[in-house]
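Chemist: got a predicted structure here, sequence first:
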Amino acid sequence: MRTYSYRAVERLPRTRGVRRGGRRRRRSALRVALVLLVVAGIAAAVAFALRPHALPRQSKSIVAPVPGPVSLPARARWTPNDVAGLQAHVREVIDGQAFPPSTTGVTVADARTGKQLYSRNARVALVPGSTVKLIVAAAALDALGSGYRFKTSIVTNGELRDGTLQGNIWLVGGGDPVLTSDDLRRAVHELQLAGVERIHGNVYADGSRFGNDEINATWLPEDLPYGWAAPASAISIDGGSEQFTLTPSAGTTAKVSIDPPGARVLGSVATGSSYSDNTLRIDALPDGSGYRLSGQIPYGASQKYWRSVPHPTRSAAIALFQMLRLAGLSVEGFPFVGTTPAGRVLWEHRSAPLDRIVNQMFVTSDNHIAEQLLRAVGWKATGVGSMHRSLAALNTFLRRKGIPRAGVVLADGSGLSDHNRVTAQCLLGVLRFMARHKGRQAATLLPRVGMEGTVSVRHLSPEALGRVYAKDGYIAGASSLAGYVFTAHHGLVSFAFLVDDWQHGLDGVWAGEDQILSRIARF
């Protein structure tokens, strides 16, 4: 088994499950790094002045409900002059230096009719990054329905007598991508309200719906310790991540707490002066049962870090076992992984509706949600959501819906793998499928460009703000953007940009895309 060891100050993010990029895949990224070094001091000063924390903590709660459809004037027909004008503008921008000619795929179409408005290299397969999440979302919504709720339950084969449950309990996973530690704490509380004081048996976690816990073999080893690369499991808590809270204590070691509870924590972390370097290391133990901490952190406020959980099903059993004991219940057995026999339900939890979970995934670009939804697609299609079956089900979805898939290679559900290859034509087909089946609401599942989520950093014209909804993707050396534009006169337009191996900086690529989208919104 591999052991992963990284300096926390350099490699451990303070947000859970979300990766915006940073892998240097090609030389072009080095040029970007040089520019970043020049502005780093200014950026740090501005960030410190304007924000109370260095990085935001990702909320455990689901994001706000999906907004309703956008109100638009009556849809006008695309005239030849309209199409020619749009094509001329897009061509002028794409022909600029920012976009490499052979590795830029662009397509724009009427989302309702599929009428092509512009296309360049639309059949060239390129690295999509997180726009793969569009394919996973479409397949999940098609297979499960927008109102689907994931179910998690606790089942027993025993009887409750005088406060003692004579038997084992099983925590049964239904693949909930947003199950939290707090949900399990509420489960423990409900068991107490039902009169359970002691459990004469073991505590099991059942993640069999998705098969064994698996780590994607195409993900880079350097990604695996972090929350954005957490393994999928039918019973995964807190995004498959362990939260470490370190509280410095002057003259002694820092206090360390973890959530969910249960993992072994070895070693200690010294508290340095307010100006000392952060040399914290969080190393996974070889057997995957916990972590070893070392190094020091500067004196000051508490700090939070996240690490992926290598065995989420086993960790869920340990977490529930510890929560029961911390709540004052006596448990005579031990935590294990096992399948659930026939029994009665003691507790049941249902997630938010699927469309709200999809909205959260798009807004925060949450890799864990995407991987869980991929497995749910595989489970629905074949009965077991293993990685192999789930990827096969995703390809079957594309084929059955008539979505172009020539050259498409799908290696995961999140886009973290740089083995993925997708065409702009494929993404456009997915967008059209969603628009046909969900209408304008398909767009509002996505964040508003320039306003929300990971696409909030984009810069559209004032008249285009609130009219463009999209999912972005980025791993170093490859950038993508795909979504919808509510045009002023011609209804809903879908678009996809895939740009690989740019030579003149990512800022130029993004600026060009923003310019194109701002212009499309005026049609």
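Modeler: Structure received.
Chemist: how close does the residue nearest the centre of the chain get to residue 138?
Modeler: The centre of the chain sits closest to residue 366, judged by Cα atoms, centre = their mean, with a distance of 1.5 Å. Noted for residue 366: a distance of 17 Å to residue 138, by Cβ to Cβ, to the nearest Å. Heads up, the C-betas are built off the backbone N, CA and C, glycines and all.
Chemist: ditto for residue 159
Modeler: When distance is defined by Cβ to Cβ, residue 159 is 46 Å away from residue 138.
Chemist: who's more crowded, those two?
Modeler: In this view residue 159 and residue 138 are compared by other Cβ atoms under 10 Å, and residue 138 has more residues nearby, 25 against 10.
Chemist: assign a three-state SS to the nearest residue to residue 493 once chain neighbours are set aside, would you?
Modeler: For residue 493, ignoring the flanking residues on the chain, the nearest one in space by Cβ to Cβ, 6 or more residues apart in numbering is residue 485 at 4.5 Å. Recorded secondary structure, residue 485: strand (DSSP: H, G, I helix; E, B strand; the rest coil).
Chemist: check contacts around residue 521.
Modeler: Residues touching residue 521, when contacts are defined by Cβ atoms under 8 Å, 6 or more residues apart in numbering, comprise 460, 461, 463, 464, 467, 468, 485, 486, 487, 488.
Chemist: what do you get if the cut-off is 6 Å, keeping everything else the same?
Modeler: With Cβ atoms under 6 Å, 6 or more residues apart in numbering as the criterion, the residues that contact residue 521 are 464, 467, 485, 487.
Chemist: among those residues, which two are most distant?
Modeler: Across the contacts of residue 521, no pair lies farther apart than 464 and 487, at 9.7 Å, counting by Cβ to Cβ.
Chemist: low-confidence ranges in this protein?
Modeler: 1-74 (pLDDT under 70).
Chemist: hey, where'd the helices end up in it?
Modeler: In the chain, helices defined by DSSP state H lie at 8-11, 28-50, 80-94, 132-144, 181-193, 312-326, 354-364, 367-382, 387-400, 424-438, 441-444, 506-521, listed in chain order.
Chemist: okay if I get the ones you listed as TSV plus distance to residue 299?
Modeler: As requested, the helices of the chain are exported to TSV (distance: least, Cβ to Cβ, whole Å):
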stretch	distance to residue 299
helix 8-11	15
helix 28-50	18
helix 80-94	51
helix 132-144	41
helix 181-193	28
helix 312-326	29
helix 354-364	32
helix 367-382	33
helix 387-400	44
helix 424-438	49
helix 441-444	46
helix 506-521	37
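Chemist: to residue 174, which of these lies closest?
Modeler: Counting by Cβ to Cβ, residue 174 lies closest to helix 367-382 out of the helices of the chain; the figure is 8.8 Å.
Chemist: and the closest one, what does it pack against?
Modeler: Using 3 or more Cβ pairs under 6 Å, 6 or more residues apart in numbering; DSSP states H and E as the contact criterion, the elements in contact with helix 367-382 are helix 132-144, helix 387-400.
Chemist: compute the inter-axis angle for the last one and helix 367-382.
Modeler: It stands for helix 387-400. Interaxial angle of helix 387-400 relative to helix 367-382 (axes from the mean of the first three to the mean of the last three Cα atoms, to 10 degrees): 70 degrees.
Chemist: residues in contact with residue 338?
Modeler: Neighbours of residue 338 in contact, by Cβ under 6 Å, 6+ apart: residue 204.
Chemist: again with the one 10 residues further on
Modeler: When the contact criterion is Cβ under 6 Å, 6+ apart, the partners of residue 348 are residue 153.
Chemist: switch to 10 Å and redo it
Modeler: Taking Cβ atoms under 10 Å, 6 or more residues apart in numbering, we find residue 348 in contact with 151, 152, 153, 154, 155, 172, 174, 187, 190.
Chemist: quick one: contacts of stretch 457-467?
Modeler: Outside stretch 457-467, the residues that touch it by Cβ under 10 Å, 6+ apart are 20, 70, 72, 443, 448-451, 468, 470, 472, 481, 484-488, 493, 510-511, 513-515, 517-522.
Chemist: run through the bridge partners of residue 483.
Modeler: The residues listed as beta-bridge partners of residue 483 by DSSP bridges are residue 470, residue 495.
Chemist: tell me how many other residues crowd it.
Modeler: Neighbouring residues of residue 483 were enumerated by other Cβ under 10 Å; the total is 29.
Chemist: okay but it is in contact with residue 452, surely?
Modeler: No - assessed by Cβ atoms under 10 Å, residue 483 is found out of contact with residue 452, at 12.0 Å.
Chemist: now do the shared contacts for the two.
Modeler: Shared contacts of residue 483 and residue 452, defined by Cβ under 10 Å, 6+ apart, are found at 362, 446, 469.
Chemist: rewinding a little: got the contacts of residue 348 as a markdown table, with neighbour count and distance to residue 409 columns?
Modeler: As requested, the contacts of residue 348 are exported to a markdown table (neighbours: other Cβ atoms under 10 Å; distance: Cβ to Cβ, whole Å):
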| residue | neighbour count | distance to residue 409 |
| --- | --- | --- |
| 151 | 15 | 33 |
| 152 | 23 | 33 |
| 153 | 19 | 37 |
| 154 | 23 | 40 |
| 155 | 20 | 40 |
| 172 | 23 | 34 |
| 174 | 22 | 30 |
| 187 | 21 | 40 |
| 190 | 15 | 45 |
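Chemist: so which of those are in strands?
Modeler: Among those, the members falling in strands (DSSP state E) are 151, 152, 153, 154, 155, 172.
Chemist: what sits against the closest residue to residue 249 other than its chain neighbours?
Modeler: Taking Cβ to Cβ, 6+ apart as the measure, residue 249 lies nearest to residue 271, with 5.4 Å between them; neighbours along the chain are not counted. Remark: with contacts taken as Cβ under 10 Å, 6+ apart, residue 271 is in contact with 246-255, 296-300.
Chemist: for residue 283, see how far away residue 271 is.
Modeler: In this structure, residue 271 and residue 283 are 19 Å apart, going by Cβ to Cβ.
Chemist: surely residue 393 meets residue 135?
Modeler: No - distance between residue 393 and residue 135: 11.3 Å, which falls outside the contact criterion (Cβ under 10 Å).
Chemist: between those two, which one's more packed in?
Modeler: Between residue 393 and residue 135, counting by other Cβ under 10 Å, residue 135 is the more crowded of the two (30 against 21).
Chemist: domain ranges for the protein?
Modeler: With automatic domain parsing as the criterion, the domains of the chain are listed as 8-53+215-308, 80-147+353-521, 151-213+312-350.
Chemist: looking at the ones you listed, which is buried most?
Modeler: A comparison of the domains of the chain by mean neighbour count, using mean count of other Cβ atoms under 10 Å, puts domain 80-147+353-521 on top with a mean of 21.
Chemist: how far does it sit from its chain's centre?
Modeler: Here the centre of mass of C-alpha atoms in domain 80-147+353-521, compared against the chain's by Cα atoms, centre = their mean, to the nearest Å, lies 15 Å away.
Chemist: next, find the distance separating residue 492 from residue 444.
Modeler: If you go by Cβ to Cβ, the gap between residue 492 and residue 444 works out to 11 Å.
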